[in-house]
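> just coords:
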């Protein structure tokens with residue numbers, strides 16, 4: 001066992017440890033700023049971390065591939081992090097059962113709006129099929145969205161960027177938008193945020209209220225399943 005740990009340390013110490021450390025430090029800095037500003041949405045820790053890391057890579061002329069050798073370890077945890085959202089979901093299962101019908105309607109409406117608005121705008125601007133397919137799953141959590149884009153002939157890397165941007169913007173604007181619309185029910189607020197802004201939006205919902213976090217988690221799962229099943233059929237029909 002000692003030999004295995006030593007081999008892992010040697011591997012990390014050569015190069016990947018730099019990217020891993022940079023990612024953790026950048027996010028910790030973003031979380032510190034976010035906390036100090038009393039969770040002000042515009043200071044989203046993910047946005048701050050991206051700006052810090054992007055600026056560092058640009059300033060040092062470091063290739064992204066070299067950075068990702070270390071960052072991939074954090075990327076690997078994305079899947080378990082999504083699965084862990086089942087915890088607040090389980091705790092609020094009674095609320096979920098009571099609202100099954102309206103949630104189904106919200107899922108259909110929100111999913112179609114999220115994909116249709118982005119694809120429609122890009123189509124009007126003259127985007128090609130590859131870009132349109134990459135845009136369609138932008139409101140689904142990253143692992144599912146990249147898989148969908150790849151299977152439909154899109155660009156998974158472009159989809160990943162769009163998913164992250166969608167999540168950041170959703171996390172920043174969801175609270176203000178829902179307040180402006182005078183939506184007070186935590187179930188509705190959470191489901192709308194999770195549906196539109198996937199993981200980052202769900203993290204924001206969990207910060208506000210556990211019930212909102214549970215419904216946001218539900219929205220991520222249902223929207224991911226619905227998009228994975230229905231989007232290929234729609235794309236085959238349209239193209």
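All right, it came through fine. All values derive from a computational prediction rather than experimental measurement.

> please count neighbours and contacts with C-alpha atoms only from this point.
Fine.

> what is the least confident helix or strand in this protein?
Least confident helix or strand of the chain, by mean pLDDT, DSSP states H and E, is helix 2-14 with a mean of 59.

> contacts for the helix or strand following it?
Using DSSP states H and E, the helix or strand that follows helix 2-14 in sequence is helix 16-36. Applying Cα atoms under 8 Å, 6 or more residues apart in numbering, the contact partners of helix 16-36 are 40-41, 43-50, 52-53, 66-74.

> again, only this time at 10 Å
9-12, 37-53, 56, 64, 66-74 (Cα atoms under 10 Å, 6 or more residues apart in numbering).

> same deal with stretch 178-185?
Residues contacting stretch 178-185 (Cα under 10 Å, 6+ apart): 174, 175, 176, 177, 188, 189, 192, 193, 211, 212.

> who's in contact with the third one?
So the one you mean is residue 176. Per Cα under 10 Å, 6+ apart, neighbours of residue 176: 41, 182.

> pLDDT on the helix or strand encompassing it, on average?
Secondary structure from DSSP H and E places residue 176 in helix 156-180. The average pLDDT for helix 156-180 rounds to 88.

> just after that helix, pick out the following helix or strand.
helix 186-208.

> between helix 156-180 and that next one, find me the angle.
110 degrees (axes from the mean of the first three to the mean of the last three Cα atoms, to 10 degrees).

> what comes up buried for helix 186-208?
186-206 (16 or more other Cα atoms under 10 Å).

> same check on stretch 142-158?
Applying 16+ other Cα under 10 Å to stretch 142-158 flags 142-150, 152, 154-156, 158 as buried.

> can you tell me what sits against it?
Taking Cα under 10 Å, 6+ apart as the rule, stretch 142-158 contacts 75, 78-79, 82, 129-140, 159-164, 167, 198-199, 221, 224-225, 227-229, 231-232, 235-236.

> now list the buried members of these.
78, 82, 129, 131-140, 159-164, 167, 198-199, 221, 224, 227-228, 231-232.

> name the element residue 122 belongs to?
helix 100-124.

> and that helix, how far out from the chain middle?
Centroid displacement of helix 100-124 relative to its chain, using Cα atoms, centre = their mean, to the nearest Å, is 17 Å.

> the inter-axis angle of it versus helix 186-208?
Using the same axes, to 10 degrees: helix 100-124 against helix 186-208 is 70 degrees.

> check which helices and strands the helix or strand just after helix 100-124 is in contact with.
Moving toward the C-terminus from helix 100-124, the next helix or strand (DSSP H and E) is helix 129-135. If you count contacts as 3 or more Cα pairs under 10 Å, 6 or more residues apart in numbering; DSSP states H and E, helix 129-135 packs onto helix 100-124, helix 142-151, helix 156-180, helix 210-238.

> rounded mean pLDDT for the second one, please.
So that's helix 142-151. In this model, helix 142-151 carries a mean pLDDT of 86.

> ok, back up a step: may I see the helices and strands packed on helix 129-135 organised as JSON lines, with distance to residue 93 added?
Shown next, in JSON lines, are the helices and strands packed on helix 129-135 (distance: least, Cα to Cα, whole Å):
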{"stretch": "helix 100-124", "distance to residue 93": "11"}
{"stretch": "helix 142-151", "distance to residue 93": "24"}
{"stretch": "helix 156-180", "distance to residue 93": "24"}
{"stretch": "helix 210-238", "distance to residue 93": "9"}
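
> wait, what's in contact with residue 57?
With contact set as Cα under 10 Å, 6+ apart, residue 57 has these partners: 51, 63, 64, 66, 67.
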